[in-house]
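> Take a look and give me a structure for this.
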Amino acid sequence: MITYKNTKNIHDSDLRPLYVAVGWVSYTNKFKDLSALLPTSQNVLSAWKDGQLLGLVRTVGDGLSIVYVQDLLVMPKFQNQGIGTQLMKKVIDESSNIRQFVLITDGQEENLAAIEFYKKLGLHTFEDTKTCGLWRII
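Model (predicted):
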């Protein structure tokens, strides 16, 4: 049975296998302890089974005017089983009173399934609105 937790108390030894499994090396190469990302996050929801971290969604923001989905990860062998959907629905529900709900993802062809997943949850691409997204990565 999968259990969902709302906690920022997740150790690097649980987080690192998840980030490695999905290939997020920009995190694993840069941060010695991934748990350091959690305390200043607005919200951290996670999915667990038999003590293994299967998925995680992490948001940042002010809790009033904006919430930004920073990370959504699900172990590859557990993808397409509703875990990511449950995590996102919980974050969306908990953010229903916040003015802006933002998620930015890679728009390349190999990520089109993820984009369609987000659209099914009610999110829109910038092309669908008169919104301009600007960014800078250091």
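
> So the residue lying closest to Asp62 once chain neighbours are set aside versus Thr59, what's the distance?
Distances taken as Cβ to Cβ, 6 or more residues apart in numbering place Gln42 nearest to Asp62, at 7.8 Å, with adjacent residues excluded. (Each C-beta comes from the backbone N, C-alpha and C, glycine too.) To Thr59, Gln42 is 5 Å away according to Cβ to Cβ, to the nearest Å.

> Same question for Thr105.
Plainly put, Thr105 is 14 Å away from Thr59 if you go by Cβ to Cβ.

> CA atoms only for the lowest-mean-pLDDT helix or strand in the chain, dumped as PDB, please.
The weakest-scoring helix or strand in the chain, judged by mean pLDDT, DSSP states H and E, is helix 25-28 (a mean of 89). Output in PDB follows, covering the C-alpha atoms of helix 25-28 (Å, rounded to 0.1, in the frame of the first residue of the first chain):
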ATOM      1  CA  VAL A  25      22.100  14.900 -12.200                       C
ATOM      2  CA  SER A  26      21.900  18.700 -12.000                       C
ATOM      3  CA  TYR A  27      20.700  18.100  -8.400                       C
ATOM      4  CA  THR A  28      22.800  15.100  -7.600                       C
END
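
> Can you verify my assumption that Asp12 contacts Ser35?
Yes: Asp12 lies in contact with Ser35 (Cβ atoms under 8 Å); the separation is 4.8 Å.

> Overlap in contacts, these two.
By Cβ atoms under 8 Å, 6 or more residues apart in numbering, Asp12 and Ser35 have no common neighbours.

> neighbours of the residue nearest to Asp62, just the number please.
When neighbours are defined as other Cβ atoms under 10 Å, Gln42 has 19 of them.

> what's near enough to touch it?
Contacts of Gln42 (Cβ under 8 Å, 6+ apart): 59-63, 67.

> Dump those residues into a markdown table; add neighbour count, pLDDT and secondary structure as well.
Output for the contacts of Gln42, formatted as a markdown table (neighbours: other Cβ atoms under 10 Å; pLDDT from 0 to 100; DSSP: H, G, I helix; E, B strand; the rest coil):
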| residue | neighbour count | pLDDT | secondary structure |
| --- | --- | --- | --- |
| Thr59 | 24 | 97 | strand |
| Val60 | 17 | 97 | strand |
| Gly61 | 19 | 95 | strand |
| Asp62 | 10 | 94 | coil |
| Gly63 | 14 | 88 | coil |
| Val67 | 23 | 95 | strand |
